[in-house]
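Asker: 3D, please:
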Amino acid sequence: MVSTQGDVYSYGILLLEMFTNRRPTNDAFEDHINLHNFVSSASPGRVTEIADPFLLQELNINDKKRECMVSILSIGVACSEELPRDRMSMTDAVNELKKVRNSLLVERTN
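Answerer: Predicted coordinates for the structure are as follows:
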């Protein structure tokens, strides 16, 4: 059955894939480890360890960008919770992503 909560889950996994460059089916994930658990166990202190190295290189990461990356990964984790009732709503996800965008735009103008 297709549901909005299923779409939210998929969106969360997509965010995690894009910022870690890891697939949910990655061979590194064994036992009960999956992409969601991998990211949630590493954030926020080890975000640069789990993030896509090419992305980090391209971004020339600083504290503000690291903070934004932590926020995006947190949104991905919140959207991909196992139980649908525990997932962030899509409205909240969009609002949080807008805050991240605005934070980066403020940095660029300074």
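
Asker: longest helix in this structure, by residue count?
Answerer: Looking across the chain with DSSP state H, the single longest helix is helix 90-109.

Asker: That helix: how far from the chain's middle?
Answerer: The chain centroid and the centroid of helix 90-109 are separated by 14 Å under C-alpha atoms, centre = their mean, to the nearest Å.

Asker: Check which helices and strands it sits against.
Answerer: Helix 90-109 sits against helix 4-20, helix 63-79, with contacts defined as 3 or more C-beta pairs under 8 Å, 6 or more residues apart in numbering; DSSP states H and E. Using the backbone N, CA and C atoms, a C-beta is placed for each residue, glycine as well.

Asker: Comparing those helices, which comes out most buried?
Answerer: The highest mean neighbour count among the helices and strands packed on helix 90-109, using mean count of other C-beta atoms under 10 Å, belongs to helix 63-79: a mean of 19.

Asker: Look up how far residue 20 lies from residue 54.
Answerer: Residue 54 sits 11 Å away from residue 20, taking C-beta to C-beta, to the nearest Å as the criterion.
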